[in-house]
Structures are given as C-alpha cells and as structure tokens.
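# sequence first, then the predicted structure:
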Amino acid sequence: MDKFLIEGPCKLKGKVLISGSKNAALPILAATLLFDKSVTIKNLPRVRDIDTMLSLLKSLGSKITFSKDKKTAKIMNKKNMKTVASYSLVKTMRGSILVLGPLVSKFQKSITSLPGGCLIGARPVNYHLSALKKLGMKYDIKKGYIHAKSDGKLRATTITFSKISVGATENTIIAACLANGKTVLKNCAVEPEIKDLTNFLNTAGANIKWKGRTCEIVGVKSLNEIEYSIMADRIEAGTFCVAATLSRGELEVKNLNPKIINTELNLLKKVGAKIKTSENKILIKGPDKIKPIKNIKTKEYPSFPTDLQAQFMVLLCKANGKSSITESIFENRFMHVAELQRLGAKIVIKNNKAIIEGKTDFNGAELMSSDLRASVALVLAAIVANGKSIINRIYHLDRGYENIENKLKKIGVKIKRIK
Ligand code: UD1
C-alpha cells in the first residue's frame, strides 16, 4: 500500500490549479444513464471515485471513450442496458447509490447494492428510498440489494425531505427529470455541486427551477446530446487555502469562482489570512500569528462544510488560543483527532464538539489515514510539523484529490510517494 513521506516544516509558495469537482462529477455521471444520445463530460478529476463510477456505468452497458488526458469522457448508452449495480462496485464508494434513481426512471427497474457502512457515520440511504418511493418506485431489500421497479414512468409529486441530504436530493432530481408531470422537492440540499447537476440537466433540455431550498422539475420526454464541463472542486480549493494560511505561505489558487467558498474565506480572514479574490482566482497569504475561532459549526451549504472540518482543525491547532468546532453532519467524523494527537495536538472531544487548545508544535510521526478528508488533514499537519512524517493508507487520498503530491511539490512541499 502506498505511503507519503513528508518532511516539514514547509512554507508554501506558488500557484495551484484546482481540478474538477469529484462531488459534482459523480451525480452528473450517474445522470448520463437517462440519455439515449451521447454525452461528453469535460474537466473530470482523475481520482479513484470517478474511475469507480465510470466502471459502474461500463458494467451497466455504457460505452465510454476518453480524451488523451482522460479528463474528457464521451458516454453512449446501449439500447439494452443492464440494471444491476453490483456490491463489488458499490461497496467501495457510497456515491454509487446515485445510479438507483436514473435506472428506475429510465428502465423501470434496478437491482442496486446497498452501500454498507462507512467510518465517518452510519450513512443510511432511507431518504433516497422514501423519496423515490413517493415518485412511484416499489422496492424490496433482499440479501443486501435494493430490488426496485416501477409500473411505467415515475409519477411527479410533491416531496418534503425530513432532513437535508445532498445525495437524496441528487438522486430524486435525476429520477424526476423524465417523470410524468411536475415534481416539487422541498427542503433540498443546495450545495453548488447540486446546482452544477441541475445546470447540466437543464443544458440537456430538462426543465428544472430553483426557489431557495425548493426545486421544481417538470418531466421531459428525453434529453439532448450535450457537452458539459464540470465545475471546480471547492473542497480542494478550501484545502489549499488552509494550507497557505497554516504554513504562513502565499498561494494563488486558480480556476475556481471564489464566491462558492465565501464562508470558508471569511473564516480564514478571521484567523488573520490576507485574501484577494477576482473572478477565477484567490490570492491568499498566511499571517504571522493565527488567531483562534470559537464555535465553528459544520452545516449544510451555504454554511461551513463538513468536508473541510478536519483541515480547519489542523489550522486551529496552530492558533495562539483556544478554538472549537462542532460537527453536526456526521456523528463519527473525528477520526483524524487521535492521529493529530500523535503529532502533538491538544484536542478534547465532548460529544460532537472538538475543543482545540492551540499553540501546538507538531512533531513528525508515523500516521494512519482513515477517510478522504481526514487523510488530507494529516498531510497538512505533516507539512508544518518538525521532521519526517509517514502517512499510511493514502489510497483514501487517491479517491478524491487529483495528483496531490505533484501539486504540493510544485508549491514547496517535500513529499514523496513510497510504493
Ligand atoms: C455528500 C458528499 C460528502 C459530504 C456530504 C455532506 C458526495 C459524493 N458526498 O455525501 O462529501 O460530506 O454530502 O455535505 O457528494 N442521511 C440519512 N439518510 C439518508 C441520507 C443521508 O440519514 O438517506 C444522513 C447522513 O448519514 C448524514 C446526513 O444525512 O448524517 C447528510 O448526508 P448527505 O447530505 O446525504 O451526504 P452524502 O450525500 O452521503
């Protein structure tokens, strides 16, 4: 299994080009199952979760051809697509559940594996299932698989999500695109990745309108041939902005509309970073002294994202006072804390709140990655730690960060992949 060897402390300087968003690409790729005509998706990030989704589409019968750099995929579906999403593919990535809505909507049937457990929390799919049921999907769960079907096309209705869920909102929007009539979804997640999905679908001829957290979808007969470029990855951009602040460095973070990480940039300003933004670029300079922040709370967009919680925790370990972060989305998302403590962090967890002491001198150590965002937090800590750190199980990072070691090397990090 690959490891990273990082020798700190490093001060970051230079330019970073932000890749396409994994979390936008996954539902958009799942939605290609609705098409009879070819779909070309550009700016795909070359990360393992995208390979998994592409393998899943291939296993269902999609024919996929790639550009030389593999960032553009042309997808053409067969007349007779398969409708079974196997456990072997779904278990490695929970996002695979996003094929359920399109399969039932387009082919009136599907056998999709339940995704199973995950380190950061229970992560059930009950909201996906209950919303699709309201659209007319019937299902049974047998031997770990959702056996789903519908009598004819799905039927539009009004659905109010009892809790805001990114995945359930996406699955239901995709399913409702070809349903008969007007579906109204209330209490939707409104993450930028979901807006990218509806923008993609509308560009292909779907009829989707947003009013705050309400999404109205008027079903259409079919979708048109389309070329579409995936939005930039706001979590990757946020991670590099934290890295600049933490290392007291200076970075130019390019290819992303800064407005979509406004909440995060305001927090970084609060800790002392100097930030200038233009249409497609962020200039960020870390302060000499990092100020603490009390009561950061992860919440649905446009609030602070859970996917940047671990990275901000590393930053606040270096603040000159006490900070706190409350995790309100996933119950177990503090896996990185024990590893950060091995580097010297002083963090106490009380229920879903982390109290971060600050003024930490990280000292290099051997560490273990647990999930995608926890792993990148360990990389950040190792960058500013004294001496060598080894980070094991970096396959978690390969799931979601494109070319991370080369991007880091270019801005001054002493990092090596050990095979
Ligand atoms: C997506 C993102 C993930 C991010 C998360 C929250 C992708 C591929 N993943 O995950 O990176 O951390 O949003 O911003 O886009 N829940 C249920 N039942 C359900 C669905 C969700 O109880 O049917 C719970 C979850 O366990 C969690 C909360 O609702 O506690 C929010 O989850 P959700 O927004 O659905 O996250 P994902 O779509 O899985």
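Ah, there it is.
# C-alpha from now on. contacts and neighbour counts both.
OK.
# would residue 275 count as being in a helix?
No - Residue 275 sits outside any helix when classified using DSSP: H, G, I helix; E, B strand; the rest coil, being strand.
# pLDDT wise, what is it at?
pLDDT, residue 275: 98.
# count of residues packed around it?
19 (other C-alpha atoms under 10 Å).
# quick check: it vs residue 203, distance?
Residue 275 sits 34 Å away from residue 203, taking C-alpha to C-alpha, to the nearest Å as the criterion.
# how about the residues of the chain near the ligand?
23, 95, 122-128, 165-168, 306-307, 329-330 (C-alpha under 6 Å from any ligand atom).
# would you double-check that residue 387 falls in a strand?
Yes - assessed with three-state DSSP, residue 387 lies in a strand.
# who are the contact partners of the nearest residue to residue 3 once chain neighbours are set aside?
Of all residues not flanking residue 3 in the chain, residue 392 sits nearest, at 4.7 Å (C-alpha to C-alpha, 6 or more residues apart in numbering). By C-alpha atoms under 8 Å, 6 or more residues apart in numbering, the contact list for residue 392 reads 1, 2, 3, 4, 366, 367, 368, 369.
# show the pLDDT at residue 392.
95.
# that one and residue 379: what is the separation?
11 Å.
# give me the beta-bridge partners of the closest residue to residue 365 other than its chain neighbours?
Among residues not flanking residue 365 along the chain, residue 389 sits closest, at 4.6 Å (C-alpha to C-alpha, 6+ apart). Per DSSP bridges, the residues bridged to residue 389 are residue 6.
# what count of nearby residues applies to residue 389?
Around residue 389 there are 24 residues (other C-alpha under 10 Å).
# would you mark the buried spots in stretch 381-400?
Within stretch 381-400, the residues scored as buried using 16 or more other C-alpha atoms under 10 Å are 381-386, 388-400.
# so what's residue 284 up against?
By C-alpha under 8 Å, 6+ apart, the neighbours of residue 284 are 241, 244, 245, 250, 251, 252, 253, 273, 274, 275, 276.
# and the contacts of residue 392, which is closest to the ligand?
Nearest to the ligand among the contacts of residue 392: residue 369, at 16.3 Å, using C-alpha to the nearest ligand atom.
# which element, helix or strand, includes the closest residue to the closest one other than its chain neighbours?
Once flanking residues are discounted, residue 369 sits nearest to residue 375: 4.7 Å by C-alpha to C-alpha, 6+ apart. Element membership for residue 375 (DSSP states H and E) is helix 372-384.
# low-confidence ranges, the stretch 101-250 of the chain, go.
116-122 (pLDDT under 70).
# the helices in it, which residues?
Here the stretch 101-250 of the chain has its helices, by DSSP state H, counting those that start in this stretch, at 126-134, 166-176, 192-203, 234-246.
# same list, these, but as TSV with mean neighbour count and distance to residue 155 please.
What follows is the helices of the stretch 101-250 of the chain, written out as TSV (neighbours: other C-alpha atoms under 10 Å; distance: least, C-alpha to C-alpha, whole Å):
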stretch	mean neighbour count	distance to residue 155
helix 126-134	19	8
helix 166-176	26	8
helix 192-203	20	19
helix 234-246	26	34
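# select, out of these, the one closest to residue 289.
Nearest of the helices of the stretch 101-250 of the chain to residue 289, taken as C-alpha to C-alpha: helix 234-246 at 9.8 Å.
# just the CA atoms of that closest one, as CSV, please.
Only the C-alpha atoms of helix 234-246 are listed here, as CSV (Å, rounded to 0.1, in the frame of the first residue of the first chain):
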residue,chain,number,x,y,z
ARG,A,234,-14.4,23.8,-3.8
ILE,A,235,-13.2,21.4,-1.2
GLU,A,236,-9.8,21.1,-2.9
ALA,A,237,-9.6,24.9,-3.2
GLY,A,238,-10.5,25.3,0.5
THR,A,239,-7.9,22.7,1.5
PHE,A,240,-5.2,24.7,-0.4
CYS,A,241,-6.3,28.0,1.1
VAL,A,242,-6.0,26.4,4.6
ALA,A,243,-2.5,25.1,3.6
ALA,A,244,-1.4,28.6,2.6
THR,A,245,-2.7,30.1,5.9
LEU,A,246,-1.3,27.3,8.1
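# list of residues touching that helix?
11-13, 16, 18-19, 21, 249-251, 253, 256, 260-261, 264-265, 268, 273, 284-287, 290, 307-308, 311-312, 315, 318, 380, 384, 401.
# care to break this structure down by domain?
3-18+232-418, 22-229 (automatic domain parsing).
# quick one: residue 79 from residue 35, how far?
Distance, residue 79 to residue 35, by C-alpha to C-alpha: 10 Å.
# and if you look at residue 280?
When residue 280 is compared with residue 35 (using C-alpha to C-alpha), they lie 31 Å apart.
# between those two, which one's more packed in?
residue 35 (20 against 12).
# pretty sure the more buried one contacts residue 220?
No - with contact defined as C-alpha atoms under 8 Å, residue 35 does not reach residue 220; the gap is 11.7 Å.
# any low-confidence regions in the stretch 251-400 of the chain?
Checking the stretch 251-400 of the chain against pLDDT under 70 turns up nothing.
# mind listing the helices for it?
262-271, 309-317, 335-342, 372-384, 395-400.
# of the ones you listed, which approaches residue 157 most closely?
helix 262-271 (34.0 Å).
# pull out the buried residues from that closest one.
By 16+ other C-alpha under 10 Å, the buried positions in helix 262-271 come out as 264, 265, 268, 269, 271.
# now stretch 155-163: how far from the chain's centre is it?
Taking C-alpha atoms, centre = their mean, to the nearest Å, one finds the center of stretch 155-163 at 24 Å from the center of the full chain.
# can you list phi and psi of residue 272 for me?
Torsion angles at residue 272 (phi, psi; degrees, to the nearest 10) stand at phi 120, psi 0.
# contacting residues for it?
286, 287, 289, 290, 291.
# next: residue 32.
The neighbours of residue 32, taking C-alpha under 8 Å, 6+ apart as the test, are 39, 75.
# so for it, what's the pLDDT?
On the pLDDT scale, residue 32 is placed at 98.
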